[in-house]
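# The following comprises the amino acid sequence and a computationally predicted model.
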Amino acid sequence: MRMRRLCRKAAVLAVLFLLVFCTGVSSQALEAIDTDREASLTVYFGRENTGFFGVPFRIYRVADVEASAGGVDFTLTGDFARYPVSVNGLDSSGWRALAQTLDSYAVRDGLGPLRTVKTDSGGRAVFEDLTAGLYLVTGERHIDGNSVFTPQPLLVCLPALDEEESGWIYDQEVSCKYESGGRPGDGGDTVRRKVLKIWDDEECSGNRPQEITVQLLKDGEVYDTVTLSEENGWKFTWEKLNADAEWRVTEYRVPDGYTVSVQREGITFVITNTCSPPDQPDSPDEPDEPGEPGEPGGPDEPGQPGSPDEPSHPEEPGEPGGGTPKLPQTGMLWWPVPLLAFGGLLLFLIGWEVNRHDEK
């Protein structure tokens, strides 16, 4: 009898402990973001521990951020609120594609950055006195000897979650990845660029349009427009493009009910249209229609396509100067699971002991 009473008391204490512990974990899972607290962002751009000096970097505030039960939620803001993109629930590949997509829109539409800062002698561009939010970071190409280094656009959340995903870091330092290649010669070098359309719309493929329009940007200006459809396999190739220019693509007038994502893979731009869930509002209006070829803001007449040429210099991504910027991750906290499992095992052993004594 005495053993039974002791076991029952132990079981009650164990249950109380788990209840108090679980309540404490849920209430301290993620603290609110202090929107009144200033944040800062330091961007490093360099190679082999040698920073590039005097490179302009720009930042754009693209979304508001707030803590939620699952992690963080973003809401597009300002000029970026009109673009039909998805900004929540993304993995690392999705974040890279979103950065490229927003960069192309910002360049095409001439959006002014929040701030522009040049890198110092250590290769660091420092942005201070920032408010909480999601920021797009872009930089200009840097020529070092016979090599050209093109920084890739990236997205950074301020503040960012710490390693335990239980607190916020308001002063961030990130390393900018880049593409590297040989320096173009006398202007005669050419490259190819491809575009491929992918549909992610199994639940609403009946609403898929018969064709879509893609814009090719040369140094931020619309250079050419093409139509993709089933007839051309939803793909196109541009030949003999100036190797000294920066080439981007955007989708013009994204279909209603879809979001768009553009990611470059080598010389190919992959445009993915994803069907939006039915409970989401319709996509925002697209920017004004471009003018006719030759008009201000419209595409120039492209040259006649020639035979395929391979890129005259490597254009694959180079090694980054550091780690990938840390973005908030949504989802539950997993570290309490082992403790809860141990508590469950403890209760099982106590119950087994009580039953063993009862049988005696």
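Cool, the structure landed. Numbering: from 1, shown residues only.
# dump the residue contacts of residue 120.
With contact set as C-beta atoms under 8 Å, 6 or more residues apart in numbering, residue 120 has these partners: 51, 53, 126. Where C-beta positions appear, they are placed from N, C-alpha and C, glycine not excepted.
# Run through the helices of the chain in chain order.
Secondary structure of the chain, counting by DSSP state H: helices at 2-27, 92-108, 337-359.
# among these, where is the model least confident on average?
Looking at the helices of the chain, the lowest mean pLDDT belongs to helix 2-27 (a mean of 52).
# just the buried members of the contacts of residue 120?
Judged by neighbour count, with 16 or more other C-beta atoms under 10 Å as the criterion, the buried members of the contacts of residue 120 are residue 51.
# Tell me the one of the contacts of residue 120 nearest residue 117?
When those are ranked by distance to residue 117 (C-beta to C-beta), residue 126 comes first, at 6.5 Å.
# In terms of pLDDT, where does that closest one sit?
pLDDT recorded at residue 126 is 98.
# go on, residue 130?
Reported pLDDT for residue 130: 97.
# One more: the one 4 residues further on?
With respect to pLDDT, residue 134 scores 97.
# With adjacent residues omitted, what lies nearest to it?
Of all residues beyond its chain neighbours, the one nearest residue 134 is residue 63 (3.9 Å), with distances taken as C-beta to C-beta, 6 or more residues apart in numbering.
# Run through this protein and note the low-pLDDT ranges.
With pLDDT under 70 as the threshold, the chain has low-confidence stretches at 1-30, 69-70, 184-188, 205, 277-360.
# Would you map out the domains in it?
The record, using automatic domain parsing to delimit domains, assigns the chain the ranges 2-29+333-359, 33-183+318-331, 186-312.
# hang on, isn't residue 54 packed against residue 119?
Yes: between residue 54 and residue 119 a contact is recorded at 6.4 Å, counting by C-beta atoms under 8 Å.
# which of those two has more neighbours?
Taking neighbours as other C-beta atoms under 10 Å, residue 54 and residue 119 compare with residue 119 leading, 23 against 11.
# The residue nearest to residue 134 pairs with what?
Here residue 63 sits in beta bridges with residue 76, residue 134, as judged by DSSP bridges.
# Roughly how far does it sit from residue 43?
Between residue 63 and residue 43 the distance is 18 Å, computed by C-beta to C-beta, to the nearest Å.
# Those two - which one has more neighbours?
residue 43 (26 against 21).
# so how far is residue 274 from the more buried one?
Per C-beta to C-beta, residue 43 is found 29 Å from residue 274.
# which residues does the closest residue to residue 264 other than its chain neighbours contact?
With C-beta to C-beta, 6+ apart as the measure, residue 100 is the residue that lies nearest to residue 264, at 6.2 Å, once sequence neighbours are left out. Contact partners of residue 100, counting by C-beta under 8 Å, 6+ apart, are 152, 153, 248, 262, 263, 264.
# So the residue nearest to residue 134 sits against residue 77, correct?
Yes: when contacts are counted by C-beta under 8 Å, residue 63 is listed as touching residue 77 (5.7 Å).
# contacting residues for residue 96?
With contacts defined as C-beta under 8 Å, 6+ apart, residue 96 is in contact with 152, 154, 263.
# Can you list phi and psi of the closest residue to the first one other than its chain neighbours for me?
Spatial nearest neighbour of residue 152, chain neighbours left out: residue 177 (4.8 Å); criterion: C-beta to C-beta, 6+ apart. Backbone dihedrals for residue 177, given as degrees, to the nearest 10, come out at phi -70, psi 160.
# what's the answer for residue 163, then?
Dihedral angles phi and psi of residue 163 (degrees, to the nearest 10) take the values phi -60, psi -30.
# That one: neighbouring residues, count only.
Other residues within reach of residue 163, judged by other C-beta under 10 Å, total 8.
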